[in-house]
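K.L.:
Quick one, fold the following:
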Amino acid sequence: MPLSDELRELAAEVSNWGRWGDDDEVGTANLIDAAAVQRGLAAAGAGRHLSLAIPLDATSPQQGGAPGRIAPLRTMLSLNQTYTGDPGDACFNDDTVSMALAAGTHIDALAHVTYDGLMYNGFPATEVTADAGARRCGADKLRPILSRAVLLDVAAAVGVERLEPGRAIGADDLDAAVELARVALEPGDVALVRTGHMQLFHAGDTWGYNHDSPGLSTDTIRWIRQRDLGAVFTDTYIYEVWPPQDWAHMVPVHMIQLRDMGQVQGQNFDLEALAAACAADGVYDSCFWAAPEPFTGGCSAPVNPVVTR
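P.N.:
Model (predicted):
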């Protein structure tokens, strides 16, 4: 169903349409300026890298929860194939893969969600076509990200290892996570929102992971907009709380953040090792870097995000 009058007022309040020009297709990536990059580099600490990606294989969360999306299916094209017939010569192994672009750890293109016939910045939804994909606001428009990341460990902030499925994260929860981190968020920062839900995926409970889950509620939309975050990533399959707060609005956080705010966002970020490291040394900010795969016309982009601390 269409957004309620209240949510439409919120969408208008937080809208970034025209903020960076009528032709802008990257949204809040514009906030990751030179100052944000330098802040990120300064947070690199001892230079230890942690990948936040989950494996791209048949264990991917894409197990039918979203119609048509499939987990990565990798098959071999050649096995120790020599082009000269001489096995003592160079032999090649090659493979191919078929997958949903949102199968694993990924960043949503701004074209991922439209409503009322429009996508971010007022571009018509018809700019997404069957043959070309997203001609506007697609994955090929997503910029590489280098900024400071702050772990917002909501689970730890409220005193649990893992938030319960269906737990709606509110602005007060994010405030508590900021207080735990003891870091003042600045424009262009990357927020890594941890719920602990990734623990289910690690335990092999893929079905539990990609169904009911904790997540961001509409109460967090204004909070995120007021802080001008460059990107927001979560450790869940859906990003926002599921089941929805109101079945009349199935994915309102996606709708408003992607279509109205142009908020760079993504899902399936593995924050467990990072959370353990932050809890151990009390340092909750890191240098974050990631380069989304530039699939022309893509509506999402696989990514291997890394924090250096």
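
K.L.:
and the worst-scoring helix or strand of the chain on mean pLDDT, how far from the chain's centre?
P.N.:
Sorted by mean pLDDT, DSSP states H and E, the helices and strands of the chain end with helix 206-209, the least confident at a mean of 92. Distance of helix 206-209 from the chain centroid (C-alpha atoms, centre = their mean, to the nearest Å) equals 18 Å.

K.L.:
quick one: buried residues of it?
P.N.:
For helix 206-209, the buried set under the neighbour-count rule, 16 or more other C-beta atoms under 10 Å, comprises Thr206, Tyr209. No exception for glycine: its C-beta is placed from N, CA and C like everyone else's.

K.L.:
just stretch 37-45 next, same as before
P.N.:
In stretch 37-45, counting by 16+ other C-beta under 10 Å, buried: Val37, Arg39, Gly40, Ala43, Ala44.

K.L.:
before we move on, the earlier item: I would like the residues contacting the least confident helix or strand of the chain, please.
P.N.:
Thr59, Pro61, Gln63, Pro165, His197, Met198, Leu200, Phe201, Thr236, Tyr237 (C-beta atoms under 8 Å, 6 or more residues apart in numbering).

K.L.:
Counting only helices, which of those residues make the cut?
P.N.:
Met198, Leu200, Phe201 (DSSP state H).

K.L.:
and which of these is nearest Asp228?
P.N.:
Met198 (26.8 Å; C-beta to C-beta).

K.L.:
I'd assumed Asp235 was in contact with the closest one.
P.N.:
Yes - using C-beta atoms under 8 Å, Met198 is in contact with Asp235, at 4.3 Å.

K.L.:
and those two? which has more neighbours close in?
P.N.:
A direct count of neighbours by other C-beta atoms under 10 Å for Met198 and Asp235 places Asp235 higher, at 32 against 23.

K.L.:
mind checking how far the more buried one is from Ala34?
P.N.:
According to C-beta to C-beta, to the nearest Å, Asp235 and Ala34 sit 29 Å apart.

K.L.:
Rebuild the buried residues of stretch 37-45 as TSV, extending it with distance to His112.
P.N.:
Below are these laid out as TSV (distance: C-beta to C-beta, whole Å):
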residue	distance to His112
Val37	25
Arg39	28
Gly40	25
Ala43	29
Ala44	31
